[in-house]
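In: one predicted model, sequence on top.
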Amino acid sequence: MSDTTGLKRGRKPTLTDSGRKRRRTEINAKNNKNRIYIGNQYDRWMEVKCALRLQSNAEVAKILLDKFEQPTSPAPTHEISGKTSNNLITSTPGPIKSTIMIKPLHLSGVSEISSSESELGRNSV
């Protein structure tokens, strides 16, 4: 028989348990830098990716960030019979704003009329 009673088979551990744990947390921290959680918007993200025929999520992110950083130009105004409209029409729906302003009616040329019983009596005769 051979003397194998005290020997362990296999590779000897090079790291201690604490060393392995430290190494694993470093690897996880490095991987987490590339992770972005978009929550319930994942379906929309994938629709954009398919619609634009992109291969990776990094390409989708680059296009969206480039679009975000572009300076926005003012919305074009639409002309109605030669006059510029005050209502801008955009593709983004929003609350409907009424442009009708109700101004109080003030008649400066009309004097106030007071009616008293004595005046009514004189005018009826």
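Out: Arrived safely, thanks for sending. Keep in mind that what you see is a predicted model, and the values were worked out from it rather than measured.
In: the host helix or strand of residue 27: what's the following helix or strand?
Out: According to DSSP states H and E, residue 27 maps onto helix 17-32. Sequence-wise, the next helix or strand downstream of helix 17-32 (DSSP H and E) is helix 42-51.
In: which secondary structure elements does that next one sit against?
Out: With contacts defined as 3 or more CB pairs under 8 Å, 6 or more residues apart in numbering; DSSP states H and E, the packing partners of helix 42-51 are helix 57-69. For every residue, glycine as well, the C-beta is placed using N, CA and C.
In: which elements pack onto the helix it packs on?
Out: Using 3+ CB pairs under 8 Å, 6+ apart, helix 57-69 sits against helix 42-51.
In: who's in contact with the helix it packs on?
Out: 38, 57, 59, 60, 64 (CB atoms under 8 Å, 6 or more residues apart in numbering).
In: which members of the residues you listed are the farthest-apart pair?
Out: Farthest pair in the contacts of helix 42-51 (CB to CB) is 38 and 59. Separation: 15.2 Å.
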